[in-house]
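Q: just a sequence and a predicted model for now, questions to come.
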Amino acid sequence: MAGLDDFFRGNLLAGLAVGVGAVVLAPVVLPVVAAVSKPLAKSVIKTGVILFDKGREAAAEMAEVFEDLVAEARAELEHPREGAIVEGMSAAGAAHGANGGEAATSSSSQDHPGAS
């Protein structure tokens, strides 16, 4: 581009011709640009609105799934199922409750030799 800058700096007549040409063509070019840019801008805005709505729907669905998981977790804490692992209760403790203590005793004595 340095060559183009040098051309306009050195030649006053060429610079004036480009300026006059821009002034003459502006009334013709600007309406065409405006006619093209307005539908383009509307299309971009429509796409943005659609994406926003889809994102909002996806976020609402994720929130609903999360709320369902929280409700299920709370229900399990209130009414633990047989064999479920609850906080403070190990898998060996759950097996102890289900098998009358036989499996839990053998596994706990292997895990903790000094415990029995």
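A: Done, it's in. Numbering: from 1, shown residues only.

Q: is His80 in a helix, a strand, or coil?
A: In this structure residue 80 is Pro, not His. coil (DSSP: H, G, I helix; E, B strand; the rest coil).

Q: what number of residues lie near it?
A: 14 (other C-beta atoms under 10 Å). For every residue, glycine as well, the C-beta is placed using N, CA and C.

Q: which intervals of this protein have sub-threshold pLDDT?
A: 1-10, 82-116 (pLDDT under 70).

Q: if you set the cut-off to 80 instead, what comes out?
A: For the chain, the stretches with pLDDT under 80 are 1-16, 80-116.

Q: please, where are all the strands along it?
A: Remark: strands of the chain are absent; assignment by DSSP state E.

Q: hey, C-alpha coordinates of stretch 32-47 in CSV?
A: Below are the C-alpha coordinates for stretch 32-47, written out as CSV (Å, rounded to 0.1, in the frame of the first residue of the first chain):
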residue,chain,number,x,y,z
VAL,A,32,-27.3,0.3,-2.2
VAL,A,33,-25.2,-0.3,0.9
ALA,A,34,-28.2,0.7,3.1
ALA,A,35,-30.5,-1.6,1.2
VAL,A,36,-28.2,-4.5,1.6
SER,A,37,-27.1,-3.8,5.2
LYS,A,38,-30.6,-3.3,6.7
PRO,A,39,-31.8,-6.9,5.8
LEU,A,40,-28.5,-8.2,6.8
ALA,A,41,-28.7,-6.5,10.2
LYS,A,42,-32.2,-7.7,10.7
SER,A,43,-31.2,-11.3,9.9
VAL,A,44,-28.3,-11.1,12.4
ILE,A,45,-30.7,-9.8,15.1
LYS,A,46,-33.2,-12.5,14.3
THR,A,47,-30.5,-15.2,14.6
